[in-house]
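>>> Sharing a model that was predicted from the sequence below.
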Amino acid sequence: GNSVTQMEGPVTLSEEAFLTINCTYTATGYPSLFWYVQYPGEGLQLLLKATKADDKGSNKGFEATYRKETTSFHLEKGSVQVSDSAVYFCALDNTGFQKLVFGTGTRLLVSP
Amino acid sequence: DAGVIQSPRHEVTEMGQEVTLRCKPISGHDYLFWYRQTMMRGLELLIYFNNNVPIDDSGMPEDRFSAKMPNASFSTLKIQPSEPRDSAVYFCASSRTLAGVADTQYFGPGTRLTVL
């Protein structure tokens, strides 16, 4: 079946540090891949997405590249801010109908 | 746009009571999704609708759960009777069809349900 595996959190960083959150997936076919972010007390928001191999999604300084050979979609940011503290979810869809399969989420804590 | 609206934001009830959660999707969106989020199981898709018709309810945990979408601007998720293990945050999300496929999902703020 389809599944997404994320690194366990929390990830604790100081402001301006480099961020990597690992995500690997198992899926049939060629899924679209997503990163969603959930701020405290809010619903999830789409952060970025990639729909085919070697595509790079980017938004708000975050980037992730769709690597088919390693079935990965790792999230990176060069310099994190306190305001980036949130829970980050990796997800996939191989139906075309946004029937998303989510990872368990990774909590990021950024201290000043 | 007001975004996806959910009510109530918090619900506390006693075991055995009926619970109804409500969702108003973004105007013009033709897909609506219900999710449940718990610490143990993460984020699970319960059911989704397209043009008010339930398409896939394979994630609905059991017969105690039911969902309806009587029109394009309103959906309900009902639990009857409720049990403590139903305690979770329930999210509603909506999306539109773009180029023949469902586009980005927009999530509501969620309803935090506590069953005592």
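Nice, thanks for sending it over. Every value quoted in this text rests on a predicted model; they were computed, and no experiment measured them. Numbers count the residues shown, from 1 in each chain, chains lettered A, B, ... in the order given.

>>> Return the residues in contact with residue 13.
This is for chain A. By Cβ atoms under 8 Å, 6 or more residues apart in numbering or on different chains, the residues touching A:Leu13 are A:19, A:80, A:108-111. For the C-beta atoms, the positions are set from N, CA and C on the backbone; glycine is no exception.

>>> Please refer instead to chain B.
By Cβ under 8 Å, 6+ apart, the contact set of B:Thr13 is B:19, B:82, B:113-116.

>>> Reformat the contacts of A:Leu13 as a markdown table; add neighbour count and pLDDT.
Compiled in a markdown table, the contacts of A:Leu13 are given as follows (neighbours: other Cβ atoms under 10 Å in any protein chain shown; pLDDT from 0 to 100):
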| residue | neighbour count | pLDDT |
| --- | --- | --- |
| A:Leu19 | 18 | 97 |
| A:Val80 | 21 | 97 |
| A:Leu108 | 20 | 97 |
| A:Leu109 | 14 | 97 |
| A:Val110 | 19 | 97 |
| A:Ser111 | 10 | 96 |
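
>>> Who's the closest spatial neighbour of the closest residue to chain A within chain B, skipping the chain neighbours?
Nearest to chain A in chain B, going by Cβ to the nearest Cβ, is B:Phe107, at a distance of 3.2 Å. In space, and not counting its chain neighbours, B:Phe107 is closest to A:Gly43: 3.2 Å by Cβ to Cβ, 6 or more residues apart in numbering or on different chains.

>>> and that neighbour, how many neighbours does it have?
22 (other Cβ atoms under 10 Å in any protein chain shown).

>>> where does the most far-flung residue of chain B relative to its centre sit relative to B:Asp57, distance-wise?
Computed with Cα atoms, centre = their mean, the residue of chain B farthest from its C-alpha average is B:Ala99, at 25.2 Å. Distance of B:Ala99 to B:Asp57, computed by Cβ to Cβ, to the nearest Å: 26 Å.

>>> ok, now A:Lys60?
Distance of A:Lys60 to B:Asp57, computed by Cβ to Cβ: 35 Å.

>>> ok, those two, which is more surrounded?
Remark: of A:Lys60 and B:Asp57, B:Asp57 carries more neighbours, 15 against 12, as counted by other Cβ under 10 Å.
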